[in-house]
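J.: What follows is a predicted protein model with its sequence.
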Amino acid sequence: MSLREKIRIGDDRMHLRLTDEQEMVRKTIRKFVEKELIPLENDVLRNEREGKPSLPEGKMEELQQKAKEAGFWGINTPEEYGGADLGQMMLAIVQMEVARTFVPFKFGGSADNILYYGNEEQKEKYLLPTINGEKKSCFAMTEPGAGSDTRNLRMTAVKDGNEWVLNGEKTFITGGNEADFVMAIAITDKELHKSSNGRKGVTCFIVDRDMGWGSEYIHTMGEWGPAALIFENVRVPEENILGEIDHGYDLGLEWIGFARWIVGARAVGAAERLLNMAIDYANERETFGKPIATRQAIQWQIADSAVEIEAAKWLVLNAAFTLDQGEDNRHYASMAKLYGANMGNNVIDRVLQIHGGMGYTRELPIERWYREARLWRIYDGTDEIQRLIISRNLLKGHVKIG
Ligand SMILES: Cc1cc2nc3c(=O)[nH]c(=O)nc-3n(C[C@H](O)[C@H](O)[C@H](O)COP(=O)(O)OP(=O)(O)OC[C@H]3O[C@@H](n4cnc5c(N)ncnc54)[C@H](O)[C@@H]3O)c2cc1C
């Protein structure tokens with residue numbers, strides 16, 4: 001097989017092109033975004049500014065159904081659960097394309113990665129309904145005193161007969177206001193938790209909302225807010241332990257790790273769309289008798305943005321490709337997240353600057369994206385935590401340069 005053929009097929013570490021199939025998926029999703037989602041942007045902006053939900057009730061389901069008819073449902077879900085199981089590269093491509101709009105759409109047919117660790121009853125009761133969109137989930141690790149420092153958890157679960165009694169508070173939980181059940185991490189063995197430096201002695205519980213936990217909306221600078229979850233003597237049956245008792249920390253890291261490089265993918269999609277807006281505007285907007293596109297100050301902002309987007313894209317695709325090979329991608333996921341999130345923020349800032357005063361208004365969606373993008377550097381592990389992970393891997397010799 002010639003090198004060129006290898007490169008086209010994408011079975012080699014050095015592949016530099018999308019395969020025909022990947023390219024076809026990318027184009028199909030782009031069409032879907034352009035035809036179904038981008039036309040909704042004005043409505044979304046108006047709804048949000050009036051304090052209403054971004055999409056009216058039932059719209060998400062209608063869009064998901066249309067996507068399903070086009071073959072996009074359960075993109076990353078195993079075939080045995082009715083999904084398309086397209087793999088991580090495809091997921092990366094899909095995420096980049098969908099992030100070209102701020103319309104908060106997500107394809108149907110997926111569930112949290114850690115729900116697959118459930119036993120058959122748990123899969124029946126929680127995994128399948130989540131995949132089918134009948135139940136909404138959320139995942140709760142973070143507490144007021146334990147964000148980056150996930151080993152500093154305080155929430156406890158104490159056994160009482162066949163039940164566990166949960167007490168404590170979780171915070172910043174995405175979907176926590178809407179969820180039917182939460183996968184919550186709580187300390188089940190204080191001694192083990194202490195002696196293992198927080199790595200053991202915690203367990204993941206699946207807790208239905210009607211078991212008694214409450215949620216409170218947290219207002220953020222973005223258009224949607226996470227929730228604080230309150231557990232006061234919430235009784236959870238033994239059969240609702242997810243995975244192994246005292247080994248919930250690993251599940252937590254797996255949940256967080258899954259979304260990490262996807263933050264980078266979403267930043268790429270948004271930055272591409274926004275940079276195109278800046279290019280159009282720079283060509284149209286005239287000052288001192290010439291389009292601002294003729295000024296080097298503007299040209300360099302466009303050039304720097306394009307280079308950074310391209311670099312972030314390859315980091316994201318590398319993180320996805322590594323995972324598709326069945327290899328540990330955590331180092332590359334941290335790189336894709338760190339660089340992608342910062343690239344996104346830099347590009348949006350430049351795009352806003354190129355639009356001048358208009359960029360700062362609510363006439364255009366740039367300020368909305370600007371506020372949303374700030375989150376990318378915080379959740380799923382802050383910039384500083386990604387740097388800590390990357391440098392630790394290198395300093396301890398887990399990963400070698402080159
Ligand atoms: C909108 C939103 C949604 C979220 N969704 C979820 C969710 O669904 N589930 C969930 O469990 N969590 C969720 N989180 C929590 C999120 O993961 C944490 O906010 C994040 O990990 C940071 O923790 P923290 O806010 O406690 O900041 P802290 O950990 O207190 O950090 C404060 C600052 O100190 C820095 N810092 C901390 N430790 C170090 C160190 N060792 N070296 C250098 N700098 C350091 C941080 O980088 C940061 O700049 C969400 C957060 C937000 C804002």
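T.: Now that the structure is in, tell me what you want to look at.

J.: Every contact and neighbour count from this point should use C-alpha atoms.
T.: Noted.

J.: and the stretch 201-350 of the chain, which of its residues are near the ligand?
T.: For the stretch 201-350 of the chain, the residues in contact with the ligand (C-alpha under 6 Å from any ligand atom) are residue 226.

J.: Going along the chain, name the strands of the stretch 201-350 of the chain.
T.: Secondary structure of the stretch 201-350 of the chain by DSSP state E, counting those that start in this stretch: the strands cover 202-208, 214-217, 227-237, 241-242, 286-287, 290-291.

J.: Next, format the ones you listed as TSV and append mean pLDDT.
T.: Putting these into TSV (pLDDT from 0 to 100) gives the following:
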stretch	mean pLDDT
strand 202-208	98
strand 214-217	97
strand 227-237	98
strand 241-242	98
strand 286-287	98
strand 290-291	98
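
J.: most tightly surrounded among these?
T.: Most buried of these, by mean neighbour count (mean count of other C-alpha atoms under 10 Å): strand 202-208, with a mean of 25.

J.: if we can go back for a sec, select, out of the strands of the stretch 201-350 of the chain, the one closest to residue 22.
T.: strand 241-242 (34.8 Å; C-alpha to C-alpha).

J.: Adjacent strands (with direction) for that closest one?
T.: strand 202-208 (antiparallel) (DSSP bridges).

J.: Could you list the residues in contact with the strand it pairs with?
T.: 180-189, 193, 236, 240-249, 251-252 (C-alpha atoms under 8 Å, 6 or more residues apart in numbering).

J.: Which members of these are positioned in helices?
T.: 193, 248-249, 251-252 (DSSP state H).

J.: Show the buried residues in those residues.
T.: Among these, those that count as buried by neighbour count (16 or more other C-alpha atoms under 10 Å) are 193, 248-249, 251-252.

J.: Nearest to the ligand: which residue in the stretch 201-350 of the chain?
T.: residue 226 (5.4 Å; C-alpha to the nearest ligand atom).

J.: Contacts only, for that residue.
T.: If you count contacts by C-alpha under 8 Å, 6+ apart, residue 226 has them with 171-177, 217-219.

J.: If you drop the residues flanking it in sequence, what lies closest to it?
T.: If the residues on either side of it in the chain are set aside, residue 226 comes closest to residue 174, at 4.5 Å by C-alpha to C-alpha, 6 or more residues apart in numbering.

J.: Equivalent analysis for residue 339, please.
T.: With C-alpha to C-alpha, 6+ apart as the criterion, residue 339 has its nearest non-adjacent residue at 6.3 Å, and that residue is residue 312.

J.: how about the one you found, what does it touch?
T.: By C-alpha under 8 Å, 6+ apart, the neighbours of residue 312 are 264-265, 268, 336, 339-340, 343.

J.: if I look at the nearest residue to residue 352 once chain neighbours are set aside, how far off is the ligand?
T.: The shortest distance from residue 352 to any residue other than its chain neighbours is 4.6 Å, reached at residue 359 (C-alpha to C-alpha, 6+ apart). Distance from residue 359 to the ligand, counting by C-alpha to the nearest ligand atom, to the nearest Å: 24 Å.

J.: ok, now residue 52?
T.: Applying C-alpha to the nearest ligand atom to residue 52 and the ligand gives a distance of 18 Å.

J.: helix, strand or coil for that residue?
T.: coil (DSSP: H, G, I helix; E, B strand; the rest coil).

J.: try residue 158
T.: Assignment for residue 158 (three-state DSSP): strand.

J.: Number of residues surrounding it?
T.: Neighbours of residue 158 under the rule other C-alpha atoms under 10 Å: 16.

J.: Was I right to think it contacts residue 165?
T.: Yes: counting by C-alpha atoms under 8 Å, residue 158 touches residue 165, with 5.1 Å between them.

J.: Quick one: neighbours of the nearest residue to residue 350 once chain neighbours are set aside, just the number.
T.: Nearest residue to residue 350 in three dimensions, chain neighbours excluded: residue 301, at 6.4 Å (C-alpha to C-alpha, 6+ apart). For residue 301, the count of nearby residues is 18 (other C-alpha under 10 Å).

J.: Retrieve the pLDDT associated with residue 301.
T.: Reading off the confidence values, residue 301 has pLDDT 98.

J.: Quick one, grab the pLDDT at the residue lying farthest from the centre of the chain.
T.: Most distant residue from the mean C-alpha position of the chain: residue 289, 44.1 Å away (C-alpha atoms, centre = their mean). Residue 289 is assigned 98 on the pLDDT scale.
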